[in-house]
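In: The amino acid sequence is not available; the structure is as follows:
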């Protein structure tokens, strides 16, 4: 491997490392919040109301902040920065920021006023008590306010990531969840109930935005009070933004479809589905999203400069690194699903029956983890070359496939049919996206990816066998009745599983592991 390629990989790995750590902390804090609520309120109508209320604001956040704004904004703004056209870049970014502020404010007002009419579109209230419906409407109205601040945060994050500065967005995400927990627990002790956590969501969004503002100006960004719809950069942004939003929106509707079906299957099913989704999404959010976003600015730079081979190397690196981490996570979760759910949730009003249901759903969701993770990288590959229409068509197809499979599988398999459909749709999405991207840019280091993936499967299979055997031995010799032993069991199994996987990867001399070790080695020696 050339020194230039090594340095490029090191830069990507460093950025990914920052995002991985921050996403890990943010996700863990998210689970702390969920654990507090499930132990206080159980998987009940109250938690169903909270999860249902989060659906629309979360959908808006994911579509705009999590993908749409950055995917359309970064390629355009990065171009101005690369060409040193700073004034044009500032004017374009300021125009977009002002437009987003106005539209986000209107969305909040509309959402708050029309929440009772909008919610039935995403939540099936057929078997719900009137009190639960009223609580859902109240919580939705509170949480809609966060959309305004989160949309502004999305543009600020796009500006910082264009400068390849990933630290402030990472810190903001962590502080967001800390604020939710702190405010939620405080208001809970004051008698606000679960509504305290909804208020925490709004305040967390404000804190997240505040963290982004100073670093933007530190990079030299100059805000301008202007909305220039005739600016070429603004027009280019909207040409990219429309298809991106539709594509990501269609993908997120898959989750809404899941929740709609779950909300009609009885009390507590929606909460179990949401919790299983969140555990499944944890490795995706921590690793896949971080790696995909870390290579995105580099892919944009290489493609813009006409370095197609380097662009393909970025894609290959992203696919292999994501698979290297996500595949063992999925297999590991399947192996220790019961101890994992028991250690996290078994307390307060959460019962052994809940453990059985939730762990079963989790196992099925894990099948689709690799598909949705690879899809994250491929989507950034499309957006880096400013191709946004193809992902839209594919995502519409995947949405229809998910809905069809859900209808077919829910009847024979009950609630497990929902994650079955979602997982199959995720695998189909990864294959379809990859196929059409290859038609656009050519083969993407096929032999390199196939070789790595084959070795990953071997490592994961050995890890599953060793971890399962260790689980049997542990539970045969030790009682897991106390929370201390539950946590100890999961910790030991994770260490054994991770040690087995990385040991096998080291023995097989996998480049994905050696590149990580090379970055760590450089950091250690540099600090010394």
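Out: Sure, I can see it. These numbers come from a predicted model, not from an experiment.
In: residues near residue 386, how many?
Out: 16 (other Cβ atoms under 10 Å). For the C-beta atoms, the positions are set from N, CA and C on the backbone; glycine is no exception.
In: in which helix or strand would I find the residue lying closest to residue 409 once chain neighbours are set aside?
Out: Sequence neighbours aside, residue 417 is the residue nearest to residue 409 in space, at 3.2 Å (criterion: Cβ to Cβ, 6 or more residues apart in numbering). Assigned by DSSP states H and E, residue 417 belongs to helix 417-441.
In: ok, and for that helix, which residues are buried?
Out: For helix 417-441, burial by neighbour count (16 or more other Cβ atoms under 10 Å) applies to 417-430, 432-434, 436-438, 441.
In: ok, so what distance separates the residue nearest to residue 409 from residue 316?
Out: In this view, residue 417 and residue 316 are 35 Å apart by Cβ to Cβ, to the nearest Å.
In: do the same with residue 414
Out: In terms of Cβ to Cβ, residue 414 sits 40 Å off from residue 316.
In: before we move on, what about residue 144?
Out: Taken as Cβ to Cβ, the span from residue 144 to residue 316 is 41 Å.
In: Comparing the two, which residue is more hemmed in?
Out: More neighbours surround residue 144 than the other of residue 144 and residue 316, with 25 against 17 (other Cβ under 10 Å).
In: in stretch 230-245, what counts as buried?
Out: Buried, per 16+ other Cβ under 10 Å, within stretch 230-245: 231, 233-234, 236-237, 240-241, 243-245.
In: out of those, who's nearest residue 75?
Out: residue 240 (6.8 Å; Cβ to Cβ).
In: If we ignore the residues flanking it in sequence, what's nearest that closest one?
Out: Counting by Cβ to Cβ, 6+ apart, the residue nearest residue 240 is residue 72, at 3.9 Å.
In: How far off centre is the helix or strand where the one you found lies?
Out: Here residue 72 sits within helix 69-82, counting by DSSP H and E. Computed by Cα atoms, centre = their mean, to the nearest Å, the chain-centroid distance of helix 69-82 equals 21 Å.
In: just checking, what packs against it?
Out: helix 86-118, helix 130-162, helix 232-263, helix 289-304, helix 369-384 (3 or more Cβ pairs under 8 Å, 6 or more residues apart in numbering; DSSP states H and E).
In: Packing partners of the last one?
Out: Meaning helix 369-384. helix 69-82, helix 232-263, helix 269-283, helix 289-304, helix 308-335, helix 389-413, helix 417-441.
In: rerun at 10 Å
Out: Other helices and strands packing on helix 369-384, by 3 or more Cβ pairs under 10 Å, 6 or more residues apart in numbering; DSSP states H and E, are helix 69-82, helix 232-263, helix 269-283, helix 289-304, helix 308-335, helix 389-413, helix 417-441, helix 446-477.
In: shouldn't residue 374 be in contact with residue 434?
Out: Yes: with contact defined as Cβ atoms under 10 Å, residue 374 and residue 434 form a contacting pair (7.2 Å).
In: Between these two, which contacts overlap?
Out: Counting by Cβ atoms under 10 Å, 6 or more residues apart in numbering, the common neighbours of residue 374 and residue 434 are 319, 449.
In: hang on, the earlier thing: could you tell me the angle between the helix holding residue 417 and helix 269-283?
Out: 40 degrees (axes from the mean of the first three to the mean of the last three Cα atoms, to 10 degrees).
In: Against which helices or strands is helix 417-441 packed?
Out: helix 232-263, helix 269-283, helix 308-335, helix 352-366, helix 369-384, helix 389-413.
In: Tell me how far that helix lies from the chain's centre.
Out: For helix 417-441, the distance to the chain centre is 17 Å (Cα atoms, centre = their mean).
In: circling back to that earlier point, ok, of the buried residues of stretch 230-245, which one's closest to residue 495?
Out: Proximity to residue 495 was ranked across the buried residues of stretch 230-245 by Cβ to Cβ; first place goes to residue 244, at 40.4 Å.
In: For the stretch 101-250 of the chain, give me the ranges with low pLDDT.
Out: 247-250 (pLDDT under 70).
In: and stretch 163-183, which residues are buried?
Out: So, applying 16+ other Cβ under 10 Å, buried residues of stretch 163-183: 163, 165-166, 168-181, 183.
In: Would you reformat the helices and strands packed on helix 69-82 as TSV and include distance to residue 41?
Out: Converted to TSV, these look like this (distance: least, Cβ to Cβ, whole Å):
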stretch	distance to residue 41
helix 86-118	21
helix 130-162	11
helix 232-263	17
helix 289-304	29
helix 369-384	28
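In: To residue 397, which of the ones you listed lies closest?
Out: Taking Cβ to Cβ, helix 232-263 is the member of the helices and strands packed on helix 69-82 nearest to residue 397, at 9.1 Å.
In: what about residue 114, neighbour count?
Out: Neighbourhood size, residue 114 [other Cβ under 10 Å]: 10.
In: for residue 127, same thing?
Out: So residue 127, with other Cβ under 10 Å, has 12 neighbours.
In: what's it sitting at in phi/psi?
Out: Torsion angles at residue 127 (phi, psi; degrees, to the nearest 10) stand at phi -110, psi 20.
In: how far away is residue 389 from residue 382?
Out: 9 Å.
In: Then residue 339?
Out: 39 Å.
In: Residue 341 too?
Out: 36 Å.
In: now residue 401
Out: 19 Å.
In: Skip the chain neighbours and tell me the closest residue to residue 326.
Out: residue 373 (4.2 Å).
In: Spit out the contact partners of that neighbour.
Out: 283-284, 287-289, 291-292, 319, 322-323, 325-327, 329-330, 426, 430.
In: Could you do residue 181 as well?
Out: So residue 181 contacts 29-30, 32-33, 36, 197, 200, 204 (Cβ under 10 Å, 6+ apart).
In: ditto for residue 471
Out: 335-336, 338-339, 489-490, 492-493, 496-497.
In: 6 Å instead?
Out: Counting by Cβ atoms under 6 Å, 6 or more residues apart in numbering, residue 471 makes contact with residue 493.
In: Then residue 253?
Out: Contacts of residue 253 (Cβ under 6 Å, 6+ apart): residue 399.
In: Report the separation between it and residue 478.
Out: Residue 253 is 45 Å from residue 478, by Cβ to Cβ.
In: what do you get for residue 395?
Out: From residue 395 across to residue 478, the span is 47 Å (Cβ to Cβ).
In: ok, the two, which is more surrounded?
Out: Ranked by neighbour count (other Cβ under 10 Å), residue 395 and residue 478 place residue 395 first, with 24 against 12.
In: thinking again about what came up before, which among the helices and strands packed on helix 417-441 is found nearest to residue 50?
Out: Per Cβ to Cβ, nearest to residue 50 of those: helix 269-283, 8.6 Å.
In: what helices or strands is that closest one leaning on?
Out: helix 45-63, helix 232-263, helix 352-366 (3 or more Cβ pairs under 6 Å, 6 or more residues apart in numbering; DSSP states H and E).
In: cutoff 7 Å now
Out: helix 3-41, helix 45-63, helix 232-263, helix 352-366 (3 or more Cβ pairs under 7 Å, 6 or more residues apart in numbering; DSSP states H and E).
In: quick one on the thing from earlier: to residue 133, which of the helices and strands packed on helix 369-384 lies closest?
Out: Going by Cβ to Cβ, the one of those nearest residue 133 is helix 232-263, 11.0 Å.
In: picking up where we left off before, and the helices and strands packed on helix 417-441, which is most packed in?
Out: helix 369-384 (a mean of 26; mean count of other Cβ atoms under 10 Å).
In: Kindly calculate the angle that it makes with helix 289-304.
Out: Going by the same axes, to 10 degrees, helix 369-384 makes 30 degrees with helix 289-304.
In: how distant is helix 369-384 from the center of its chain?
Out: For helix 369-384, the distance to the chain centre is 12 Å (Cα atoms, centre = their mean).
In: how far off helix 446-477 does it point, in degrees?
Out: 150 degrees.
In: So residue 509, which state does it fall into?
Out: coil (DSSP: H, G, I helix; E, B strand; the rest coil).
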